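# Sequence first, then the predicted structure, then my questions.
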Amino acid sequence: MGALRRFEAGMEVPPVSKTLAQEHINLFEASGAHEGPSIFTDPETAQKMLGMGRTVASGRMTLSFAVETLRRFFGERIYNHTGMADLRFLRPTRAGDTVTVKGKVSSITPEANGSRVAVELTVQNQNGETTAVGGGSAIVPAGFLPPAE
Amino acid sequence: MDRRTESQGPERKMLDYERLEIGEPLPSYEYLLTQEMLEQYRQGVQDPDARFPTIAAKADIGAYHRKYEDAGSVNARCAYSCYNPPVAGKKIRVTAWIADKYVRREKPYIVTEAVSVDEDGRLIDRVITHELKRPREVGKKWER
């Protein structure tokens, strides 16, 4: 699990970067039992379906990177049981790209079992282009939060 | 995104967007989560501590494509909630439905939702996906 930390609005989330090879994309698809050619694994299928002759990475790979970013930030005991991530995909990620997930705590809202700590997320590629935006959150026990005023 | 090339149910039909009903159930199904799948997922996302390979299962889209054929799609938005990490060697049961549909900028979207539960009844995750059902238009934009 990640180090214990106290959460406050405005906190920066440590970024996570990944450089993708086609092999990573293939493994991701294989892990979900997605066999056969697809826009992720086969340029011809990408051409036929998207009109572009290069494969793309599934948006769910980027989502997985966001989940990792948030899990590292909140710690797995918190995030793996109360966490979520929600991304809108703005442009594709392809083999050879390096994407970086960045975030900042945007709000802390009391809930029954603690407080929901919400994080704004941005994903950028190596060219500084934003590939996805969204957010995530987890329910953090009261002991990890600043005392109420 | 696209799942047309995968094994499908025998009673699939072409998507009729206008007739698609919000709340409409999609076929439930089960799969065995293997250690190999977990390892492939971890290698694919380069995260040895990853605990939710079920993200890659694309559970909601898998259920959708057991019922419908279409011209393909692009994942426009995806939300994922973690409840309990799945355990390799357990069967995972997927229950899915059409959560919404909408037209934005004259393009049709379908929202699918699924929850996964393991054979012991542990809630694993929930996924909600917004898919654009005109992938070539997005492809042209991306190719620029």
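It's in.
# ranges for the strands of the chain?
Chain wasn't specified; assuming chain A. Per DSSP state E, chain A carries strands over the ranges A:12-19, A:84-89, A:98-111, A:114-124, A:130-140.
# ah, I was thinking of chain B
Taking DSSP E, the strands of chain B run over residues B:13-14, B:25-32, B:68-69, B:74-82, B:91-104, B:107-118, B:123-132.
# which strands and helices sit next to the first one?
Okay, so that is strand B:13-14. strand B:68-69 (3 or more C-beta pairs under 8 Å, 6 or more residues apart in numbering or on different chains; DSSP states H and E). In this view, the C-beta of every residue, glycine as well, is placed from N, C-alpha and C.
# closest to A:Ala30 out of the strands of chain B?
strand B:25-32 (13.7 Å; C-beta to C-beta).
# export that closest one as PDB, just CAs?
C-alpha atoms of strand B:25-32 as PDB (Å, rounded to 0.1, in the frame of the first residue of the first chain):
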ATOM      1  CA  PRO B  25     -30.600  -5.600 -20.600                       C
ATOM      2  CA  LEU B  26     -27.700  -7.100 -22.500                       C
ATOM      3  CA  PRO B  27     -26.800 -10.800 -22.300                       C
ATOM      4  CA  SER B  28     -25.100 -11.800 -19.100                       C
ATOM      5  CA  TYR B  29     -22.100 -14.000 -19.400                       C
ATOM      6  CA  GLU B  30     -19.300 -15.600 -17.400                       C
ATOM      7  CA  TYR B  31     -15.600 -16.000 -18.000                       C
ATOM      8  CA  LEU B  32     -12.700 -17.500 -16.000                       C
END
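# What pairs with that strand, parallel or antiparallel?
strand B:91-104 (antiparallel) (DSSP bridges).
# neighbouring contacts of the partner strand?
Contacts with strand B:91-104, where a contact means C-beta atoms under 8 Å, 6 or more residues apart in numbering or on different chains, come from B:17, B:20-33, B:54, B:57, B:59-60, B:62-64, B:86, B:108-119, B:124, B:128.
# can you rerun that using 7 Å?
B:20-26, B:28-33, B:54, B:59-60, B:62-63, B:86, B:109-119, B:124, B:128 (C-beta atoms under 7 Å, 6 or more residues apart in numbering or on different chains).
# By neighbour count, sort out the buried ones in these.
B:26, B:31, B:33, B:54, B:59-60, B:62-63, B:86, B:109-118, B:124, B:128 (16 or more other C-beta atoms under 10 Å in any protein chain shown).
# before we move on, back to that, any idea which of the strands of chain A gets closest to A:Leu27?
Of the strands of chain A, nearest to A:Leu27 by C-beta to C-beta is strand A:12-19, at 12.8 Å.
# Once you drop chain neighbours, what's closest to B:Glu11?
B:Lys67 (7.6 Å; C-beta to C-beta, 6 or more residues apart in numbering or on different chains).
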